[in-house]
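K.L.:
Turn this into a model:
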Amino acid sequence: MKYFSRQSLLTCRGFTLVEIMISLTLLSVILMLLFSSLHIASRSWTLAERTTEEIDELRLAGTFVSRQLGQIVPVVWMTGGERRIAFKGMHNELHFASTLPAHRGGGGLYLLTLKVNEDDGNRRLDLIYRLAKPEFPSFDIATLEDFSTVSLIEGIETVELTYYGAGGTEDEPTWHSEWQNLEALPRLVRVQIKASDPAQVWPALDIAIHPQYEKAHPEFVIRGQSE
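P.N.:
All right, here's what the predicted structure looks like:
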């Protein structure tokens, strides 16, 4: 038979209630810190993903705008005895003629308008387009019906458009807030977008017009309905 001394029995005793409570408290604090760290990491990951998606959307929108403006076609629109390039540039709105990618309809020549629209306090940059047809009385899409609209950029404050080129045959090229030359295209179109969110900073987009087109050698002549 094996005997235990009093000292050995004392050394083999279990934890007291106070020790268990202290251990559970420490474990709770550790678990709380662990879950807090995981929550912060999850929020940071979600925020990073959202920021990346927004940057990708802005990049794609900027690429699309650059592509459309870079493919401007110098169409001469003749209607009512007036002959002019199908290009109307204002400081916050632009009408022009170009092609469209296949997923937007593709094929043929389109009349397009780049402008800011507002809906329930949300300002966005829209592209409005309509297939160009000779029976139209004007190339200005604002006077037409049955057009399509695609929203390019949401949550913007302003869009400033400026144009670089010669305002007349005898003028030196310079920047213009509006394009008044009805016989030729500008050399450059600058698009400056200011987002509603101060954290989103858009660099200025300088889009070059095809060198052949800025000399006002049209590839297409469309005679309006009144011609």
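K.L.:
only C-alpha atoms for contact and neighbour calcs from this point on.
P.N.:
Will do.
K.L.:
beta partners of Arg83?
P.N.:
For Arg83, the beta-bridge partners are Met78 (DSSP bridges).
K.L.:
Look at it and report its pLDDT.
P.N.:
On pLDDT, Arg83 comes in at 75.
K.L.:
Repeat that for Asn92.
P.N.:
Reported pLDDT for Asn92: 88.
K.L.:
Give the rounded mean pLDDT of the longest helix anywhere in the chain.
P.N.:
The longest helix of the chain (DSSP state H) is helix 17-70. For helix 17-70, mean pLDDT rounds to 78.
K.L.:
What helices and strands are in contact with that helix?
P.N.:
Using 3 or more C-alpha pairs under 8 Å, 6 or more residues apart in numbering; DSSP states H and E, the elements in contact with helix 17-70 are strand 148-153, strand 205-208.
K.L.:
Check those for me and report the most buried one.
P.N.:
When those are scored by mean count of other C-alpha atoms under 10 Å, the highest mean neighbour count falls to strand 205-208 (a mean of 18).
K.L.:
Only alpha carbons, please: show that one as CSV.
P.N.:
C-alpha atoms of strand 205-208 as CSV (Å, rounded to 0.1, in the frame of the first residue of the first chain):
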residue,chain,number,x,y,z
LEU,A,205,-6.9,63.9,-69.4
ASP,A,206,-5.3,65.4,-72.5
ILE,A,207,-6.7,63.6,-75.5
ALA,A,208,-5.1,64.2,-78.9
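K.L.:
In terms of secondary structure, what does that strand contact?
P.N.:
Against strand 205-208 (3+ C-alpha pairs under 8 Å, 6+ apart) you get helix 17-70, strand 188-195.
K.L.:
for the last one, packing partners?
P.N.:
This means strand 188-195. Strand 188-195 makes packing contacts with strand 156-165, strand 205-208 when contacts are defined by 3+ C-alpha pairs under 8 Å, 6+ apart.
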